[in-house]
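Participant: need a structure here:
(one chain, ligands or ions: 1)
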Amino acid sequence: MSAPAAPAATIRVDDLSKRYGRQQAVDQLTFAVDAGQICALLGPNGAGKTSTMRMLVGLSTPDTGTARLAGEAVSLGAPVLRRVGVLIDGPAFVPHLSGIKNLKLLWAAARRTWPPRGLDAALDLAGLGAAIDRKVKGYSMGMKQRLMLAQALMRVPDVLILDEPANGLDPAEVRALREHLAALARAGATVLLSSHQLAEVQQLATHIVVIHKGRLISTGPLADALGGATGTYRIQTDDLDRALTVLREAPGVTAVVAHNGEVIVTAPTVPAGELVQALVGARVGVIAANPAHQSLEDAYLAMTERHADAAR
Ligand SMILES: Nc1ncnc2c1ncn2[C@@H]1O[C@H](COP(=O)(O)OP(=O)(O)OP(=O)(O)O)[C@@H](O)[C@H]1O
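Facilitator: As a prediction, the model looks like this:
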């Protein structure tokens, strides 16, 4: 008889709260991330991202509510944590041992045979090169961050909880990390990561959770957050000036501007096809017409500002 399949690597937080003294760090937070999703946990400094992640991996205990991984409530040493790659605060590395010996020590603590299956790929991504054989006490902050990343990835986890994983990486390394995480998610892993790099998140995340002062302000697919500009189109034509004139006179158009050689037109009640027809009818050649998506940065700032206004 074959072994029962492990439960799907879901992340689930229900009504989670945590207070430090008078500071409510996490406030009745509920969200879920399913297998195959890469979810970015976003929020201003002090919003409660790290506090949430710490509870998700048993490093701190919720005051109320539950944090579950693969359906199992999390506590320090819970068996489900063997399936999880974690980068938060960082393990305390032994300074007089080399990077690789530290990784070996951490792996041995889980009573497993060395080397882990994903070691080579994790070391490549961490990009420490020959420094992996040098003592950790000579590492810079950035090198320690890379060693933490290697530690999180070496086990080929099916749940990843990563607090600002791209910190200290150069652009090529950030891209390699992005591709690695995307490949893990395609293979069924579940990824929750925090980041302030919204352009990077936009390229990587499938879903977002936005929090502010410990409270949930938005959660859902990234595409939904970016689709806030419905009724706005970017139209590329062979005659910008004439296109502007024609569209300004077209019925239903509420705004027309030129941007980077294209026309940005807002017409909430008019299908894009009608705008194109109006241009073609006026002998303006249309090269491309696409819905204008806002950037994640725009969407995020609008969400957090709206929330701050409502709280005033
Ligand atoms: N151990 C602690 N003791 C006291 N206060 C804490 C502790 N950990 C977090 N806090 C407070 O809880 C709030 C949430 O902090 P947290 O680190 O979770 O935010 P964050 O969203 O991760 O911020 P950042 O983006 O700056 O890392 C902050 O006001 C912080 O000062």
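Participant: use CA for all of it now, contacts and neighbours both
Facilitator: Noted.
Participant: how's the protein carved up into domains?
Facilitator: 11-226, 230-291 (automatic domain parsing).
Participant: and the first one, is it in reach of the ligand?
Facilitator: Right, the one you point to is domain 11-226. Yes. Under the criterion of C-alpha under 6 Å from any ligand atom, the ligand is reached by domain 11-226 at 20, 25, 43, 44, 45, 46, 47, 48, 49, 50, 51.
Participant: neighbours of the first one, just the number please.
Facilitator: Applying the criterion other C-alpha atoms under 10 Å, we find 10 residues in the vicinity of residue 20.
Participant: same check, this time on residue 89
Facilitator: Using other C-alpha under 10 Å, residue 89 is surrounded by 13 other residues.
Participant: quick one: it and residue 111, what's the gap?
Facilitator: With distances taken as C-alpha to C-alpha, to the nearest Å, residue 89 is found 23 Å from residue 111.
Participant: Look up how far the ligand lies from residue 129.
Facilitator: 28 Å (C-alpha to the nearest ligand atom, to the nearest Å).
Participant: for residue 218, same thing?
Facilitator: Here residue 218 is placed at a distance of 15 Å from the ligand (C-alpha to the nearest ligand atom).
Participant: ok, now residue 161?
Facilitator: In terms of C-alpha to the nearest ligand atom, residue 161 sits 13 Å off from the ligand.
Participant: can you tell me which residues contact that residue?
Facilitator: Contacts for residue 161 (C-alpha atoms under 8 Å, 6 or more residues apart in numbering) come out as 53, 84, 85, 86, 87, 88, 191, 192, 193.
Participant: Kindly confirm my reading that it is in a helix.
Facilitator: No. Counting by DSSP: H, G, I helix; E, B strand; the rest coil, residue 161 is located in no helix; its state is strand.
Participant: partners of it in the sheet?
Facilitator: Residue 161 forms beta bridges with residue 86, residue 192, as assigned by DSSP bridges.
Participant: Adding pLDDT and secondary structure, write the residues of domain 11-226 next to the ligand out as TSV.
Facilitator: Putting these into TSV (pLDDT from 0 to 100; DSSP: H, G, I helix; E, B strand; the rest coil) gives the following:
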residue	pLDDT	secondary structure
20	96	strand
25	97	strand
43	95	coil
44	93	coil
45	93	coil
46	94	coil
47	95	coil
48	97	coil
49	97	helix
50	96	helix
51	97	helix
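Participant: which element is the most centrally placed residue in the chain on?
Facilitator: Centroid-nearest residue in the chain, with C-alpha atoms, centre = their mean: residue 40, separated by 2.5 Å. Following DSSP states H and E, the helix or strand that holds residue 40 is strand 38-42.
Participant: and that strand, C-alpha only, in CSV?
Facilitator: What follows is strand 38-42, C-alpha atoms only, in CSV (Å, rounded to 0.1, in the frame of the first residue of the first chain):
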residue,chain,number,x,y,z
ILE,A,38,3.1,33.0,-4.5
CYS,A,39,1.5,35.5,-2.1
ALA,A,40,3.2,38.8,-1.2
LEU,A,41,2.5,40.0,2.3
LEU,A,42,2.6,43.8,1.9
